[in-house]
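Visitor: Okay, here's the prediction I keep looking at, along with the sequence it came from:
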Amino acid sequence: MKTDLQEDFRINGEKDSENHQNTVKNDFAFTIKSIYFNEDYIPSNSTRTTTNFANLARGASRQENIRNTITMINNRFNALANWDNPNNNRYSVELEIVSVDIDIDGSGTTFPTIEILKTHIIDHKTGQRIEGIVGNNFSSYVRDYDFSVLLLEHNKDKSDYSIPDNFGELHGNIFKHFVNSETYKKHFSKPPVICLSVSHNKTYTRTTNHHPILGFEYQVNESSLTEQYFKKMGLQVRCFMPLNSVAPLTFYFFGDLVTDYSNLELISTISTMETFQKIYRPEIYNANAIAGQCYNPSLQNQDHSLTKIIYDREERTRLGIEQGKFTEKHFIKPYKNILEKWSANFSL
(Lines give C-alpha, C1' and ligand atoms only; values in the text may rest on other atoms or scores of the structure.)
Protein backbone atom coordinates (compact mmCIF):
# COMPACT_ATOMS: atom_id res chain seq x y z
CA MET A 1 0.00 0.00 0.00
CA LYS A 2 2.60 2.52 -1.06
CA THR A 3 1.38 5.90 -2.21
CA ASP A 4 2.90 9.13 -3.39
CA LEU A 5 2.07 10.59 0.02
CA GLN A 6 4.07 7.91 1.80
CA GLU A 7 7.06 8.47 -0.45
CA ASP A 8 6.86 12.24 0.06
CA PHE A 9 6.61 11.83 3.81
CA ARG A 10 9.57 9.48 3.87
CA ILE A 11 11.72 12.00 2.03
CA ASN A 12 10.54 15.07 3.92
CA GLY A 13 9.98 13.56 7.32
CA GLU A 14 12.19 10.58 8.09
CA LYS A 15 15.45 12.18 7.07
CA ASP A 16 15.12 14.62 9.98
CA SER A 17 13.82 12.15 12.52
CA GLU A 18 16.66 12.79 14.97
CA ASN A 19 15.95 16.51 14.89
CA HIS A 20 12.24 15.79 15.41
CA GLN A 21 13.04 13.88 18.59
CA ASN A 22 14.93 16.83 20.06
CA THR A 23 12.42 19.50 19.11
CA VAL A 24 9.58 20.36 21.47
CA LYS A 25 6.74 22.46 20.13
CA ASN A 26 3.94 23.76 22.34
CA ASP A 27 1.39 23.95 19.56
CA PHE A 28 0.61 21.95 16.46
CA ALA A 29 -0.58 23.50 13.20
CA PHE A 30 -3.58 22.09 11.34
CA THR A 31 -4.46 22.55 7.70
CA ILE A 32 -7.78 21.64 6.11
CA LYS A 33 -8.53 20.48 2.59
CA SER A 34 -11.89 19.39 1.22
CA ILE A 35 -13.43 17.69 -1.79
CA TYR A 36 -17.03 16.75 -2.58
CA PHE A 37 -18.26 13.17 -2.64
CA ASN A 38 -19.84 12.85 -6.07
CA GLU A 39 -19.39 10.80 -9.23
CA ASP A 40 -16.13 12.61 -10.01
CA TYR A 41 -14.64 11.82 -6.60
CA ILE A 42 -11.37 9.90 -6.59
CA PRO A 43 -9.76 9.18 -3.18
CA SER A 44 -6.55 11.14 -2.59
CA ASN A 45 -3.28 9.46 -1.67
CA SER A 46 -3.70 10.60 1.93
CA THR A 47 -7.17 9.09 2.37
CA ARG A 48 -7.31 5.84 4.36
CA THR A 49 -8.34 3.17 1.89
CA THR A 50 -10.56 1.57 4.54
CA THR A 51 -12.68 4.69 4.95
CA ASN A 52 -16.32 4.04 3.93
CA PHE A 53 -16.53 6.59 1.15
CA ALA A 54 -13.06 5.74 -0.23
CA ASN A 55 -13.64 1.98 -0.27
CA LEU A 56 -16.67 2.16 -2.54
CA ALA A 57 -15.19 4.91 -4.74
CA ARG A 58 -12.68 2.62 -6.41
CA GLY A 59 -12.78 -0.04 -9.10
CA ALA A 60 -14.90 -0.46 -12.20
CA SER A 61 -18.17 0.17 -10.34
CA ARG A 62 -17.02 3.31 -8.52
CA GLN A 63 -19.39 5.77 -10.25
CA GLU A 64 -22.38 3.47 -9.96
CA ASN A 65 -21.50 2.87 -6.29
CA ILE A 66 -21.37 6.60 -5.57
CA ARG A 67 -24.55 7.30 -7.53
CA ASN A 68 -26.48 4.59 -5.66
CA THR A 69 -25.09 5.72 -2.31
CA ILE A 70 -26.17 9.33 -2.87
CA THR A 71 -29.62 8.16 -3.98
CA MET A 72 -29.99 6.11 -0.79
CA ILE A 73 -28.96 9.10 1.34
CA ASN A 74 -31.40 11.46 -0.39
CA ASN A 75 -34.29 9.00 -0.21
CA ARG A 76 -33.71 8.42 3.50
CA PHE A 77 -33.42 12.16 4.15
CA ASN A 78 -36.75 12.92 2.47
CA ALA A 79 -38.45 10.04 4.27
CA LEU A 80 -37.47 11.56 7.62
CA ALA A 81 -38.01 15.20 6.61
CA ASN A 82 -41.56 14.44 5.50
CA TRP A 83 -43.32 17.67 6.55
CA ASP A 84 -44.17 20.06 3.68
CA ASN A 85 -42.62 17.42 1.42
CA PRO A 86 -45.55 15.66 -0.30
CA ASN A 87 -43.49 14.17 -3.15
CA ASN A 88 -40.55 13.11 -0.96
CA ASN A 89 -38.09 14.98 -3.15
CA ARG A 90 -37.78 18.41 -1.56
CA TYR A 91 -34.24 17.87 -0.25
CA SER A 92 -30.91 16.50 -1.35
CA VAL A 93 -27.66 16.11 0.57
CA GLU A 94 -24.17 17.10 -0.52
CA LEU A 95 -21.22 15.48 1.25
CA GLU A 96 -17.95 17.33 1.68
CA ILE A 97 -14.94 15.22 2.62
CA VAL A 98 -12.80 17.23 5.05
CA SER A 99 -9.15 16.18 5.40
CA VAL A 100 -7.08 17.50 8.30
CA ASP A 101 -3.27 17.43 8.23
CA ILE A 102 -1.02 18.19 11.18
CA ASP A 103 2.42 19.86 11.31
CA ILE A 104 4.13 18.74 14.50
CA ASP A 105 7.35 20.77 14.52
CA GLY A 106 6.73 23.71 12.23
CA SER A 107 8.91 22.25 9.48
CA GLY A 108 6.13 22.24 6.92
CA THR A 109 6.03 18.44 6.85
CA THR A 110 2.50 17.30 7.54
CA PHE A 111 0.82 14.01 8.38
CA PRO A 112 -2.81 13.13 7.52
CA THR A 113 -4.48 13.13 10.91
CA ILE A 114 -8.28 13.16 10.64
CA GLU A 115 -10.85 12.82 7.88
CA ILE A 116 -14.50 13.63 8.48
CA LEU A 117 -17.63 14.45 6.48
CA LYS A 118 -19.62 17.65 6.41
CA THR A 119 -23.20 17.57 5.21
CA HIS A 120 -24.92 20.31 3.22
CA ILE A 121 -28.69 20.26 2.70
CA ILE A 122 -30.23 21.57 -0.52
CA ASP A 123 -33.83 22.71 -0.18
CA HIS A 124 -35.19 22.58 -3.74
CA LYS A 125 -38.42 24.32 -2.70
CA THR A 126 -36.78 27.48 -1.35
CA GLY A 127 -33.46 27.26 -3.19
CA GLN A 128 -31.59 27.40 0.13
CA ARG A 129 -28.32 25.63 0.80
CA ILE A 130 -28.36 24.78 4.51
CA GLU A 131 -25.26 23.92 6.54
CA GLY A 132 -25.47 20.46 8.03
CA ILE A 133 -23.32 18.66 10.62
CA VAL A 134 -19.57 18.17 10.49
CA GLY A 135 -18.18 14.85 11.68
CA ASN A 136 -20.48 11.97 10.72
CA ASN A 137 -17.88 9.47 9.51
CA PHE A 138 -14.57 9.46 11.40
CA SER A 139 -11.28 8.38 9.87
CA SER A 140 -7.93 8.42 11.66
CA TYR A 141 -4.54 6.88 10.96
CA VAL A 142 -3.56 7.22 14.62
CA ARG A 143 -6.61 5.19 15.62
CA ASP A 144 -5.42 2.51 13.16
CA TYR A 145 -2.10 2.47 14.99
CA ASP A 146 -3.73 2.24 18.41
CA PHE A 147 -6.09 -0.63 17.55
CA SER A 148 -4.18 -2.51 14.84
CA VAL A 149 -0.61 -2.21 16.11
CA LEU A 150 -0.33 -1.02 19.72
CA LEU A 151 -3.24 -3.05 21.11
CA LEU A 152 -2.30 -6.20 19.19
CA GLU A 153 1.35 -5.99 20.22
CA HIS A 154 0.38 -5.39 23.84
CA ASN A 155 -1.65 -8.62 23.94
CA LYS A 156 0.55 -10.70 21.65
CA ASP A 157 2.02 -13.06 24.26
CA LYS A 158 -0.52 -12.59 27.05
CA SER A 159 -3.12 -15.06 28.22
CA ASP A 160 -5.31 -12.32 29.70
CA TYR A 161 -6.50 -9.54 27.40
CA SER A 162 -5.71 -6.05 28.68
CA ILE A 163 -5.51 -2.44 27.52
CA PRO A 164 -2.17 -0.57 27.40
CA ASP A 165 -1.63 2.30 29.82
CA ASN A 166 -2.74 5.66 28.42
CA PHE A 167 -4.42 3.90 25.50
CA GLY A 168 -6.03 6.49 23.23
CA GLU A 169 -4.81 9.54 25.15
CA LEU A 170 -2.53 10.92 22.43
CA HIS A 171 -5.22 10.46 19.80
CA GLY A 172 -7.83 12.01 22.07
CA ASN A 173 -5.68 15.02 22.85
CA ILE A 174 -4.92 15.65 19.17
CA PHE A 175 -8.64 15.52 18.38
CA LYS A 176 -9.60 17.86 21.23
CA HIS A 177 -6.79 20.22 20.23
CA PHE A 178 -8.11 20.29 16.66
CA VAL A 179 -11.74 20.91 17.67
CA ASN A 180 -10.63 23.80 19.90
CA SER A 181 -8.24 25.25 17.34
CA GLU A 182 -8.73 28.47 15.43
CA THR A 183 -8.55 26.38 12.25
CA TYR A 184 -11.66 24.43 13.27
CA LYS A 185 -13.55 27.53 14.43
CA LYS A 186 -12.76 29.29 11.16
CA HIS A 187 -14.30 26.52 9.07
CA PHE A 188 -17.14 25.15 11.23
CA SER A 189 -19.83 26.83 13.32
CA LYS A 190 -20.75 23.91 15.59
CA PRO A 191 -18.92 21.05 17.34
CA PRO A 192 -18.73 17.72 15.46
CA VAL A 193 -21.07 14.76 15.78
CA ILE A 194 -19.72 11.30 14.95
CA CYS A 195 -22.20 8.55 14.10
CA LEU A 196 -21.10 4.91 14.21
CA SER A 197 -22.48 1.40 14.44
CA VAL A 198 -23.55 -0.21 17.69
CA SER A 199 -21.17 -2.82 19.12
CA HIS A 200 -21.87 -6.38 17.99
CA ASN A 201 -21.02 -7.89 21.40
CA LYS A 202 -23.14 -5.66 23.66
CA THR A 203 -26.80 -5.66 24.71
CA TYR A 204 -28.98 -2.61 24.06
CA THR A 205 -32.25 -1.93 25.87
CA ARG A 206 -34.91 0.43 24.51
CA THR A 207 -36.03 3.16 26.89
CA THR A 208 -39.25 5.16 26.92
CA ASN A 209 -37.40 8.30 25.83
CA HIS A 210 -38.41 9.23 22.30
CA HIS A 211 -37.09 12.07 20.15
CA PRO A 212 -39.14 13.14 17.08
CA ILE A 213 -36.14 12.72 14.74
CA LEU A 214 -33.62 10.53 16.55
CA GLY A 215 -36.33 8.08 17.61
CA PHE A 216 -36.25 5.79 20.64
CA GLU A 217 -33.19 5.95 22.84
CA TYR A 218 -31.37 2.73 23.71
CA GLN A 219 -29.03 2.14 26.65
CA VAL A 220 -26.12 -0.28 26.49
CA ASN A 221 -25.35 -2.81 29.24
CA GLU A 222 -21.65 -1.90 29.41
CA SER A 223 -19.22 0.51 27.84
CA SER A 224 -17.28 -0.73 24.82
CA LEU A 225 -13.61 -0.07 24.11
CA THR A 226 -14.70 2.19 21.25
CA GLU A 227 -16.85 4.25 23.63
CA GLN A 228 -13.96 4.54 26.07
CA TYR A 229 -11.67 5.58 23.22
CA PHE A 230 -14.08 8.28 22.05
CA LYS A 231 -14.54 9.47 25.64
CA LYS A 232 -10.81 10.32 25.64
CA MET A 233 -11.59 12.49 22.62
CA GLY A 234 -13.94 14.44 24.90
CA LEU A 235 -17.10 12.97 23.38
CA GLN A 236 -20.28 11.82 25.10
CA VAL A 237 -22.31 8.92 23.73
CA ARG A 238 -26.02 8.17 23.24
CA CYS A 239 -27.80 5.57 21.10
CA PHE A 240 -31.03 6.18 19.17
CA MET A 241 -33.05 4.23 16.62
CA PRO A 242 -34.77 6.62 14.16
CA LEU A 243 -38.16 5.94 12.61
CA ASN A 244 -38.11 3.02 10.14
CA SER A 245 -34.57 2.06 11.11
CA VAL A 246 -33.92 -1.55 12.10
CA ALA A 247 -31.10 -0.93 14.60
CA PRO A 248 -29.88 1.91 16.82
CA LEU A 249 -27.05 4.21 15.78
CA THR A 250 -24.36 5.40 18.19
CA PHE A 251 -23.87 9.17 18.35
CA TYR A 252 -20.70 10.74 19.78
CA PHE A 253 -20.93 14.46 20.51
CA PHE A 254 -20.01 17.47 22.64
CA GLY A 255 -22.67 19.46 24.49
CA ASP A 256 -26.32 18.44 24.05
CA LEU A 257 -27.14 16.33 21.01
CA VAL A 258 -30.90 16.89 21.13
CA THR A 259 -30.91 20.68 21.55
CA ASP A 260 -27.72 21.91 19.87
CA TYR A 261 -28.69 20.75 16.38
CA SER A 262 -31.74 21.36 14.21
CA ASN A 263 -34.01 18.61 12.90
CA LEU A 264 -32.58 18.94 9.39
CA GLU A 265 -29.01 18.80 10.71
CA LEU A 266 -29.77 15.59 12.63
CA ILE A 267 -31.53 14.08 9.61
CA SER A 268 -28.50 14.80 7.42
CA THR A 269 -26.32 12.75 9.77
CA ILE A 270 -28.84 9.92 10.15
CA SER A 271 -29.45 9.57 6.41
CA THR A 272 -25.74 9.68 5.60
CA MET A 273 -24.41 7.31 8.21
CA GLU A 274 -27.30 4.85 8.16
CA THR A 275 -26.69 4.50 4.42
CA PHE A 276 -22.99 3.75 4.92
CA GLN A 277 -23.85 1.26 7.67
CA LYS A 278 -26.37 -0.52 5.42
CA ILE A 279 -23.54 -0.96 2.92
CA TYR A 280 -20.80 -1.88 5.40
CA ARG A 281 -22.78 -3.75 8.05
CA PRO A 282 -25.93 -5.09 6.35
CA GLU A 283 -26.22 -7.87 8.97
CA ILE A 284 -27.18 -5.14 11.47
CA TYR A 285 -28.50 -2.16 9.51
CA ASN A 286 -30.11 -3.92 6.57
CA ALA A 287 -31.53 -6.75 8.65
CA ASN A 288 -35.01 -8.01 7.84
CA ALA A 289 -36.04 -7.94 11.52
CA ILE A 290 -36.30 -4.76 13.59
CA ALA A 291 -34.43 -4.39 16.89
CA GLY A 292 -36.74 -5.13 19.79
CA GLN A 293 -36.92 -4.01 23.39
CA CYS A 294 -33.73 -5.92 24.17
CA TYR A 295 -31.33 -5.98 21.25
CA ASN A 296 -28.13 -7.96 20.64
CA PRO A 297 -26.52 -6.90 17.33
CA SER A 298 -24.88 -9.75 15.44
CA LEU A 299 -22.53 -9.78 12.47
CA GLN A 300 -23.50 -13.44 12.05
CA ASN A 301 -27.11 -12.57 11.26
CA GLN A 302 -28.03 -14.26 7.99
CA ASP A 303 -31.50 -12.72 7.74
CA HIS A 304 -30.48 -9.51 6.00
CA SER A 305 -30.51 -7.93 2.56
CA LEU A 306 -27.57 -6.67 0.51
CA THR A 307 -27.40 -3.37 -1.31
CA LYS A 308 -26.29 -3.20 -4.94
CA ILE A 309 -23.17 -1.33 -3.86
CA ILE A 310 -19.82 -3.16 -4.04
CA TYR A 311 -17.85 -2.92 -0.81
CA ASP A 312 -14.65 -4.86 -0.05
CA ARG A 313 -14.87 -5.73 3.64
CA GLU A 314 -12.00 -8.22 3.58
CA GLU A 315 -9.66 -5.58 2.20
CA ARG A 316 -10.86 -3.16 4.89
CA THR A 317 -9.72 -5.53 7.66
CA ARG A 318 -6.37 -6.30 6.06
CA LEU A 319 -5.49 -2.71 5.25
CA GLY A 320 -6.31 -1.55 8.79
CA ILE A 321 -3.11 -3.23 9.97
CA GLU A 322 -1.05 -1.82 7.10
CA GLN A 323 -2.35 1.67 7.81
CA GLY A 324 -1.46 1.28 11.47
CA LYS A 325 2.10 0.26 10.61
CA PHE A 326 2.37 3.16 8.18
CA THR A 327 1.41 5.52 11.02
CA GLU A 328 3.93 3.96 13.36
CA LYS A 329 6.74 4.36 10.84
CA HIS A 330 5.96 7.86 9.59
CA PHE A 331 4.38 9.55 12.60
CA ILE A 332 4.62 7.76 15.96
CA LYS A 333 8.31 6.79 15.89
CA PRO A 334 9.84 9.91 14.25
CA TYR A 335 7.95 12.25 16.61
CA LYS A 336 7.84 10.00 19.69
CA ASN A 337 9.48 12.39 22.16
CA ILE A 338 7.57 15.44 20.97
CA LEU A 339 4.23 13.64 21.01
CA GLU A 340 4.74 12.13 24.47
CA LYS A 341 5.82 15.42 26.05
CA TRP A 342 3.07 17.37 24.36
CA SER A 343 0.33 14.89 25.30
CA ALA A 344 1.52 14.62 28.91
CA ASN A 345 1.24 18.41 29.29
CA PHE A 346 -1.88 18.88 27.19
CA SER A 347 -4.68 21.01 28.57
CA LEU A 348 -7.46 23.05 27.01
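Guide: The structure has been received and is ready for your questions.
Visitor: Name the residues linked to the most centrally placed residue in the chain by a beta bridge.
Guide: With distances taken as Cα atoms, centre = their mean, the chain has Phe138 as the residue nearest its mean C-alpha position (1.4 Å). With beta bridges defined as DSSP bridges, Phe138 has these partners: Ile116.
Visitor: didn't it look like it was pressed against Leu196?
Guide: Yes. The pair Phe138 and Leu196 qualifies as a contact (Cβ atoms under 8 Å) at a distance of 7.3 Å. Where you see a C-beta, it was placed from the backbone N, CA and C, and this is true even at glycine.
Visitor: OK, contacts around the residue nearest to the centre of the chain?
Guide: Listed by Cβ atoms under 8 Å, 6 or more residues apart in numbering, the contact set of Phe138 reads Ile114, Glu115, Ile116, Ile194, Leu196.
Visitor: Next, count neighbours for Glu283.
Guide: Number of residues near Glu283 (other Cβ atoms under 10 Å) recorded here: 18.
Visitor: Following element in sequence after the helix or strand containing it, please.
Guide: Element membership of Glu283 [criterion: DSSP states H and E] is helix 282-285. Later in the chain than helix 282-285, the nearest helix or strand by DSSP H and E is strand 294-295.
Visitor: helices or strands up against that following strand?
Guide: strand 204-211 (3 or more Cβ pairs under 8 Å, 6 or more residues apart in numbering; DSSP states H and E).
Visitor: repeat that with 10 Å
Guide: strand 204-211, strand 215-220 (3 or more Cβ pairs under 10 Å, 6 or more residues apart in numbering; DSSP states H and E).
Visitor: now the last one: mean pLDDT?
Guide: I take that to be strand 215-220. What strand 215-220 shows for mean pLDDT is 98.
Visitor: Contacts for the following helix or strand past that strand, please.
Guide: Sequence order places helix 225-231 as the next helix or strand after strand 215-220, per DSSP H and E. Applying Cβ atoms under 10 Å, 6 or more residues apart in numbering, the contact partners of helix 225-231 are 138, 143, 146-147, 151, 163, 167-169, 171-172, 175, 194, 196-199, 202, 220, 223-224, 235-237, 239, 250, 252-253.
Visitor: Tell me which residues of helix 225-231 come out buried.
Guide: Residues Thr226, Glu227, Tyr229, Phe230 are the ones in helix 225-231 that count as buried (16 or more other Cβ atoms under 10 Å).
Visitor: try stretch 145-163
Guide: Within stretch 145-163, the residues that count as buried by 16+ other Cβ under 10 Å are Tyr145, Asp146, Phe147, Ser148, Val149, Leu150, Leu151.
Visitor: Which members of the residues you listed are the farthest-apart pair?
Guide: Pairwise distances across the buried residues of stretch 145-163 (Cβ to Cβ) peak at 9.3 Å, for the pair Tyr145 and Leu151.
Visitor: Any chance you could list residues touching both of these two?
Guide: Gly324.
Visitor: Pipe the contacts of Phe138 into TSV and attach neighbour count and pLDDT per row.
Guide: As requested, the contacts of Phe138 are arranged in TSV below (neighbours: other Cβ atoms under 10 Å; pLDDT from 0 to 100):
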residue	neighbour count	pLDDT
Ile114	23	92
Glu115	24	92
Ile116	23	95
Ile194	23	98
Leu196	19	96
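Visitor: Among those, which one lies nearest to Asn89?
Guide: Ile116 (27.7 Å).
Visitor: My guess is that closest one contacts Phe37. True?
Guide: No. Using Cβ atoms under 10 Å, Ile116 is not in contact with Phe37, being 12.0 Å away.
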